[in-house]
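Student: Sequence and computational prediction follow.
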Amino acid sequence: MNVSLTKTLAHRGNDHAGHTRNFERTTGIAWHAPVPSGWVGGRRLSVVLPAHNVGYCLTMVLDALEAQTYGRRFEVIVVDDASTDATAKIIATHPAVTTGLRLPTRHGAATARNLGTYIAQGETVLYVDADMLLPPTTVADLAARATDHAVLTGFRHNLPHGAAWPDAGPDLTADHRVTWRPPVNTSLLYSGITLREPVDGRPLEHTRDFRDLGHGRAYYDWDLQRMVVTALLAVPRAAVLDVGGFDAEFGRIGWGMEDTYLGACLIAAGLLVIPLRQAVGFHLDPPDAAEQWQHKLGTWPATLARYRALLGEPARSGRRAALTASMNSLLHSCEVLR
């Protein structure tokens, strides 16, 4: 009998205390503490960035990756999703980039990430948005803690275009998964619930680092899979390939939900979702951020409807061969930038 993804999620817990304690016992480093500069432990890691018209910030993002203090070499794969600005030129010339590819037509971030994952050599794939500026220890912190059984989530501090950077660096509490002030008397976008009183929302703290979100439970508008955000996310490559990667249809119909759905598939496969409070980056807003946000919200109903429909289907698995065939075909149409 085929069991829906929703029912499978109801049987998956997220008690990762044993996982984090094992790391601390083995390394002598607290789970939420940065590893020492030059750390060389952990798994082989590949950074994958999907890029579309990010010429305004991509050089800074790649500079930050080049400045990482991780003691092991790691590849940086950037997939240009048919940009029309200077993105391709930056990818072709920046020394931090190991592999740069350019899609001939716009496919969406889901497909760009799938292509990067397909060609990656690391055991762990670190998804980073092309407008996400990482502090120096971030790659080492994620690589040190990566395993076959964990989805490691970092956080983001949105910085308006042209705003001064805080001297203290990115702030964990700036992420909505940490500090959340939902509107009242308004249907919430994800769950559809309406709150009649103000809520001092602290999802990360109140769910004990997401542990209490297992078995399909929710914290108001937040469930476990919604905590999986590809702005900064480390996952085992083999697990992503097995579930068929990101569902590319999300990128074709609008914005959002492809990372939430990937999270649901990985949770259904038995992986734990574990936050790293020290892994916080600056998410650099574009010059037309308000206009882009309105466009994204306009497509949200369509992507949410697809996500809800997929929750009613069985959890995906055994799809590596199909993804490989699709990506191999797409690869032959790409321009090699680097």
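Tutor: In hand now; what should we look at?

Student: gap between stretch 76-89 and the chain center?
Tutor: 19 Å (C-alpha atoms, centre = their mean, to the nearest Å).

Student: er, stretch 22-34 I mean
Tutor: Stretch 22-34 sits 23 Å away from the centroid of its parent chain (C-alpha atoms, centre = their mean).

Student: For His52, give its distance to Ala321.
Tutor: Note on His52: its distance to Ala321, by C-beta to C-beta, to the nearest Å, is 28 Å. Heads up, the C-betas are built off the backbone N, CA and C, glycines and all.

Student: ok, these two, which is more surrounded?
Tutor: The neighbour count for His52 versus Ala321, taken as other C-beta atoms under 10 Å, is higher for His52 (19 against 10).

Student: Would you check that the more buried one makes contact with Arg106?
Tutor: Yes - applying C-beta atoms under 8 Å, one finds His52 in contact with Arg106, separated by 7.2 Å.

Student: Give me the common contacts of those two.
Tutor: 81-82 (C-beta atoms under 8 Å, 6 or more residues apart in numbering).

Student: Give me the phi and psi for Gly214.
Tutor: Main-chain torsions, Gly214, degrees, to the nearest 10: phi -70, psi 170.

Student: Got the confidence number for it?
Tutor: On pLDDT, Gly214 comes in at 96.

Student: Who are the contact partners of it?
Tutor: Going by C-beta under 8 Å, 6+ apart, Gly214 touches 12-15, 224.

Student: What is the most widely separated pair among those?
Tutor: Largest separation among these by C-beta to C-beta: Asp15 and Leu224, giving 11.7 Å.

Student: The stretch 101-250 of the chain: strands as residue ranges?
Tutor: For the stretch 101-250 of the chain, the strands defined by DSSP state E, counting those that start in this stretch cover 124-128, 132-133, 150-159, 218-219, 222-223, 232-236.

Student: got the angle between the third one and strand 124-128?
Tutor: Computed by axes from the mean of the first three to the mean of the last three C-alpha atoms, to 10 degrees, the angle separating strand 150-159 from strand 124-128 equals 20 degrees.

Student: So what are the sheet partners of strand 150-159 and their directions?
Tutor: Sheet pairing for strand 150-159, assigned by DSSP bridges, gives strand 232-236 (antiparallel), strand 272-284 (parallel).

Student: next one: the shortest one to chain centre, how far?
Tutor: Which is strand 232-236. The answer for strand 232-236 is 6 Å, by C-alpha atoms, centre = their mean.

Student: avg pLDDT for it?
Tutor: Averaged over strand 232-236, pLDDT sits at 98.

Student: on that earlier part again, now that we have the contacts of Gly214, which of them are buried?
Tutor: Buried members of the contacts of Gly214, counted by 16 or more other C-beta atoms under 10 Å: 12, 14, 224.

Student: I figured the last one hits Thr260, correct?
Tutor: No - in terms of C-beta under 8 Å, Leu224 does not count as a neighbour of Thr260; the distance is 9.9 Å.

Student: By residue count, which helix of this protein is the longest?
Tutor: Selection of the longest helix in the chain by residue count, based on DSSP state H, yields helix 289-311.

Student: mind listing what's buried in that one?
Tutor: 302-304, 306-307, 310-311.

Student: Return the closest of those with respect to Leu213.
Tutor: If you rank these by distance to Leu213 using C-beta to C-beta, Leu311 comes first, at 15.6 Å.

Student: per-residue confidence at the closest one?
Tutor: On the pLDDT scale, Leu311 is placed at 97.

Student: for it, what are its contacts?
Tutor: Residues near Leu311 by C-beta under 8 Å, 6+ apart: 4-6, 264.

Student: what's the answer for Pro166, then?
Tutor: No residues are in contact with Pro166 under the rule C-beta under 8 Å, 6+ apart.

Student: how near is it to Gly100?
Tutor: Pro166 is 31 Å from Gly100, by C-beta to C-beta.

Student: Next one: Met1, what pLDDT does it get?
Tutor: 63.

Student: Can you report how many residues lie near Gly65?
Tutor: Not quite, residue 65 is Leu, not Gly. Close neighbours of Leu65, defined as other C-beta under 10 Å, add up to 24.

Student: Do I have it right that it meets Leu134?
Tutor: Yes - at 6.7 Å, Leu65 counts as touching Leu134 under the criterion of C-beta under 8 Å.

Student: which residues do these two both contact?
Tutor: Val128.

Student: Can you check what angle separates the longest helix of the chain from strand 150-159?
Tutor: Going by the same axes, to 10 degrees, helix 289-311 makes 160 degrees with strand 150-159.

Student: quick one, what contacts the residue nearest to the spatial centre of the chain?
Tutor: Residue closest to the mean C-alpha point of the chain, counted by C-alpha atoms, centre = their mean, is Thr230 at 1.3 Å. Thr230 sits next to 109, 113, 127, 129, 258-259, 262 when contact means C-beta under 8 Å, 6+ apart.
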